[in-house]
Structure formats: C-alpha cells, structure tokens
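> Below are the sequence and a predicted model for it; my questions follow.
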Amino acid sequence: MKRVVLLFVAVAALVLPVAAAAHPLGNFTVNRFSRIEVAGPRVYVRYVLDLAEIPTFQAGKVDARTYARRIAQGARLTVNGRPAQLVPIETALTHPGGAGGLKTTRFEVVLRGPALDGPSEITYRDTNYSDRIGWKEIVVGEEPSRSRELRAYPRDLLSSPLDRTAIQTRLVPGSDPETRPNVTPAAGASPVRGGDSGFAALINRDDLGVWVILASLGAALFWGMAHALSPGHGKAIVTGYLIGQRGTARHAALLGLIVTLTHTVGVFALGAVTLLLSQFIVPDDLYPWLNLVAGLLVVGIGVSVLRARWLHRRAHSHGHGHHHDHNHDLSRRSLIAVGVSGGLLPCPSALVVLLAAISLHRVAFGMLLVVAFSIGLALTITGIGLVAVLARNAFGRLSFEGRLVSLLPTASAVAILVAGLVMTLHALPEVN
C-alpha cells in the first residue's frame, strides 16, 4: 500500500507543472545585444551574448578570450566610412541553469574602438552568429534596451524576436574618459525564463529508483499527450484523412504507431546531428526543411486522397468494383505519409531531455523518456483519429443521404490539400 501511495505522490509531483527553467525564445536560440557609446573621445561597444541550452551544449567548454576575439572580429565598425578595429578589454562569463539540468551561457565583453577627432558618422554591423535564430538588438548611448540587455525578453515579442543587426548614427566625443562601459557585476543573472512543460525536468531527478523511473515514464507519457494538443502534429490532417479515405479504428492505431516511430527516430537523429555534425549542420536550420518536407507530404496526401475519391466515384458510377485493391494499396502508402508528417518535427523539449541525459550519463533513461513522450504524442493523435472514425460511422448509420454528407470525404481531401499548400508556402521563406 505504501508503494502505491508513493507512486501516486511521485506521479502527481511529476505531472503537475514544474517551474523548470527554459529559455523563453527556445532551446536553440543564440541571442545578441550591442550598446554603442562614447567615453571621452573613444568609442566603445558593450556586447552581450546569450546562448540557450542546445547551443551551450554544442559549445562545450567556453574560453572567454577566444570568444572575445571571435566577437570582436564579427562586430564591424566604420568611422566616417573607414573600417575601425574593435579590441576586447574586459569579459565576464557565467552559465545560468536551463532546462533539464542543462546550462545556458551569458557572455559579456567590452570592445574598445578608436578615438574620435570630432563629430563622426558611425556605422556598426553585428555579423556574429548570423546563421542562428534568436534576439538581435543594437542600441546607442543611454537608449533603453527592450530586453534589459538580454535579461528579460518582452513577452509580446517572443514569437517574433527583435532583428536589428546594423545601425548608423552620429557620435560626438565626450569629456570624461572614466565613463567607459564595464561588464556588470550581475552578469550571471539569468534571463526571465519561460515556464517549461515539465517534461525536461524529469531527466534531472536525483533518485532513480524503480518507482521514480516508472512515475517519470508515466509523466513523460502525459506530457507527450499534452504536447500533441498544441498547434501542429497534423491533427487536422489525420482527421481529414480518416474521413476522406473511410478509415477504420485499425488505421487510426497504425497511424499512432507510425507517429511514435517517426518522432522517436527524429529526436535521436537530431541528437546525433547536434553531437556529431554541429560543425557542418546547425540543428535549428533543419527545422525549416522538416517543415517543408512535412508540407510537401501533406500536399501529396491531399492529391492521393482526391484521386482515390475520384476513382471511387468513377467506379461507382460505372458499377465496377475492381478498384478496391488499388485503393487499398494507395491508402496504405498515404497512411504512412500521414503518420510521418505527424511525427516528423521533433519536439525541442525531447531533444533537450536526450542531450541532458547524455551530459548526466543517463542515456538509457533519457531514451526511455523520449520513447514514452512519443507514445503519449501518438496516443493523443490516435484518439483524435478514433473520434473521427466513430463520428463518420455514426453519420453513416443515419438514414439520410444528403449531398453534404456524401461530399464530406471529398471536402476532407480538399482541406488536406489546402493545409499542405499553406504549410509549404509558410516553410519556403524560412529555407536557406
């Protein structure tokens, strides 16, 4: 009885939202801030770099001097049209805690520029990490920072972060050289983090007894089911497909299995890319391509379902039934495509759990959590599919054969095709 109570308490503690830290802009982001100012006659740039969990994991041990030189090379300053050198003179490096026990990185460096002879036209461009997504901000003088220098990102801009990488301004020499910028004593203060789903916190449990492991797997299953209810993962596609192709409960279950396998393999593959190929492939660059592939898959599904409905109607109108096997084969191929499109985009939280498991030497436990999460994701999608099948069957038992009901499968196919086109058009601008 005590074990049952212990298991119940552990599950409750794990399932309830956990205040685990997670980067508000996403686990992949590399965020940059520059403040250009004058102290005495000289120009200075105070530069702040905020790396989320996955870039920090990829970076490994960070050498402050090496990073300072790299940032100085990527920070391009021109004075009255002439390139000016920026030299690092002071640094501060800290690693605030992030999701799943992983660290983030906050790095500050003061760059010293040239002395001004008089009022000067200044152009500054930040080319550091130009291929990485994240917050990009530049201010001049005492201008307030919208992110408090990467410590508090505005909630209303989390979905469309600031993207300012260049600025032109006019600077006038000052009279007090003692006002030059410094790295802040509170450089280690972590940004205001967004609430994590709780899934990433599971890998960081201290005691990994049998009951805690079982409770953690149950919680991972729950978070996977909850995550499937967020936008994406092809819920509308699954519903439309099962209605348009007159799917069965067996088809819905098979869809769940395919989603589980696809999502699990996707997380493991992206983890391998992060660990082994990060010098050649930036993991967050793969997401637009995955979105594009998913969109094209859905377009193909829509076309195949429309074609199947057309063949069915033509065979029905001519009184033939020999298209049944052909439609069955087509349904099986498109069924796989639907499942792949639903699980193709790996959840970043699942990747964080896998990387945290590697860093904590809990690889097997991390893999089990990812599999449980994927099963939870698939269970929700399967459940939605079963509801669609049952609803269609309920309509089929009704005595009326209205035109609206008879056109429902075709309308579902059209909806799938339109959704695929929208996904594809949305992904194309993001693909580099």
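Right, received. Where do you want to start? Residues are numbered from 1 along each chain as shown.
> use CA for all of it now, contacts and neighbours both
OK.
> now for the host helix or strand of Arg70, which elements pack on it?
Arg70 belongs to helix 64-74 when assigned by DSSP states H and E. Identification of packing neighbours for helix 64-74 by 3 or more C-alpha pairs under 8 Å, 6 or more residues apart in numbering; DSSP states H and E yields strand 87-94, strand 105-115.
> Can you tell me which of those strands is nearest to Arg164?
Closest of these to Arg164 is strand 105-115, at 18.5 Å (criterion: C-alpha to C-alpha).
> Identify the residue nearest the residue most central in space within the chain in space, chain neighbours excluded?
Taking C-alpha atoms, centre = their mean, the centroid of the chain lies closest to Pro348, which sits 4.9 Å from it. Sequence neighbours aside, Asn27 is the residue nearest to Pro348 in space, at 6.8 Å (criterion: C-alpha to C-alpha, 6 or more residues apart in numbering).
> same thing with Val110?
Arg46 (4.6 Å).
> so is the one you found in a helix, a strand, or just coil?
Here Arg46 is strand, with the state taken from DSSP: H, G, I helix; E, B strand; the rest coil.
> Check which helices and strands the helix or strand that the helix holding Arg70 is followed by sits against.
Sequence order places strand 75-79 as the next helix or strand after helix 64-74, per DSSP H and E. Strand 75-79 is packed against strand 82-84, strand 120-126, with contacts defined by 3+ C-alpha pairs under 8 Å, 6+ apart.
> Report the inter-axis angle for strand 75-79 versus strand 120-126.
170 degrees (axes from the mean of the first three to the mean of the last three C-alpha atoms, to 10 degrees).
> what about strand 75-79, average pLDDT?
For strand 75-79, the mean per-residue pLDDT is 95.
> Which strands border that strand, and is each parallel or antiparallel?
strand 82-84 (antiparallel), strand 120-126 (antiparallel) (DSSP bridges).
> contact partners of the following helix or strand past the last one?
The reference is to strand 120-126. Next helix or strand after strand 120-126 toward the C-terminus (DSSP H and E): strand 136-140. Applying C-alpha atoms under 8 Å, 6 or more residues apart in numbering, the external contacts of strand 136-140 come out as 31-37, 145, 161-167.
> of the residues you listed, buried ones?
31-37, 145, 161-162, 164-167 (16 or more other C-alpha atoms under 10 Å).
> got those residues as JSON lines, with pLDDT and secondary structure columns?
As requested, these are arranged in JSON lines below (pLDDT from 0 to 100; DSSP: H, G, I helix; E, B strand; the rest coil):
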{"residue": "Asn31", "pLDDT": "94", "secondary structure": "strand"}
{"residue": "Arg32", "pLDDT": "95", "secondary structure": "strand"}
{"residue": "Phe33", "pLDDT": "96", "secondary structure": "strand"}
{"residue": "Ser34", "pLDDT": "96", "secondary structure": "strand"}
{"residue": "Arg35", "pLDDT": "95", "secondary structure": "strand"}
{"residue": "Ile36", "pLDDT": "95", "secondary structure": "strand"}
{"residue": "Glu37", "pLDDT": "92", "secondary structure": "strand"}
{"residue": "Ser145", "pLDDT": "92", "secondary structure": "coil"}
{"residue": "Pro161", "pLDDT": "84", "secondary structure": "coil"}
{"residue": "Leu162", "pLDDT": "89", "secondary structure": "coil"}
{"residue": "Arg164", "pLDDT": "93", "secondary structure": "coil"}
{"residue": "Thr165", "pLDDT": "94", "secondary structure": "coil"}
{"residue": "Ala166", "pLDDT": "94", "secondary structure": "strand"}
{"residue": "Ile167", "pLDDT": "94", "secondary structure": "strand"}
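> quick one: which of those is nearest to Ile416?
Pro161 (30.7 Å).
> Apart from its chain neighbours, what residue comes closest to the closest one?
That would be Trp135: by C-alpha to C-alpha, 6+ apart, it lies 5.2 Å from Pro161.
> pLDDT (mean, whole number) over the helix or strand containing Gly339?
Using DSSP H and E, Gly339 sits within helix 324-343. Averaging pLDDT along helix 324-343 gives 62.
> give me every residue that touches Ala427.
Pro288, Trp289, Asn291, Leu292, Gly295.
> Please report how far it lies from Gly295.
8 Å (C-alpha to C-alpha, to the nearest Å).
> sorry, back to before: closest one of the buried ones among the contacts of strand 136-140 to Leu417?
Pro161 (30.9 Å).
> What is the burial count for the residue nearest to Pro348?
Residues lying near Asn27 (other C-alpha atoms under 10 Å) number 22.
> got the CA positions of stretch 288-306 in CSV?
C-alpha atoms of stretch 288-306 as CSV (Å, rounded to 0.1, in the frame of the first residue of the first chain):
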residue,chain,number,x,y,z
PRO,A,288,12.5,24.8,-41.8
TRP,A,289,13.5,21.9,-44.1
LEU,A,290,11.5,19.4,-42.0
ASN,A,291,8.5,21.8,-42.1
LEU,A,292,8.9,21.9,-45.9
VAL,A,293,9.1,18.2,-46.2
ALA,A,294,6.0,17.8,-44.0
GLY,A,295,4.1,20.3,-46.1
LEU,A,296,5.0,18.5,-49.3
LEU,A,297,4.0,15.2,-47.8
VAL,A,298,0.6,16.7,-46.8
VAL,A,299,0.2,18.0,-50.4
GLY,A,300,0.9,14.6,-51.7
ILE,A,301,-1.6,13.1,-49.3
GLY,A,302,-4.3,15.5,-50.3
VAL,A,303,-3.7,14.8,-54.0
SER,A,304,-3.7,11.0,-53.4
VAL,A,305,-7.0,11.2,-51.4
LEU,A,306,-8.6,13.3,-54.0
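> returning to that earlier point: from the contacts of strand 136-140, which two are the most distant?
Pairwise over these, using C-alpha to C-alpha, the maximum falls at Glu37 and Pro161, 23.7 Å.
> quick one on the thing from earlier: so what's the residue count around the residue nearest to Pro161?
Trp135: 24 surrounding residues under other C-alpha under 10 Å.
> who touches stretch 60-68?
With C-alpha under 8 Å, 6+ apart, stretch 60-68 has contacts from Pro88, Thr91, Ala92, Leu93, Phe107, Val109.
> Of these - the most surrounded one?
Val109 (29 neighbours).
> Point out the most buried one among the strands paired with strand 75-79.
Among those, strand 120-126 has the highest mean neighbour count (mean count of other C-alpha atoms under 10 Å), at a mean of 19.
> what angle do that strand and strand 136-140 make?
Using the same axes, to 10 degrees: strand 120-126 against strand 136-140 is 160 degrees.
> Put the alpha carbons of strand 120-126 into PDB.
The C-alpha atoms that make up strand 120-126 are tabulated as PDB, following Å, rounded to 0.1, in the frame of the first residue of the first chain:
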ATOM      1  CA  SER A 120      31.700  61.400 -36.600                       C
ATOM      2  CA  GLU A 121      29.400  59.200 -38.700                       C
ATOM      3  CA  ILE A 122      29.300  55.800 -37.300                       C
ATOM      4  CA  THR A 123      28.100  52.500 -38.900                       C
ATOM      5  CA  TYR A 124      28.000  49.400 -36.900                       C
ATOM      6  CA  ARG A 125      27.100  45.900 -38.000                       C
ATOM      7  CA  ASP A 126      26.900  42.700 -36.000                       C
END
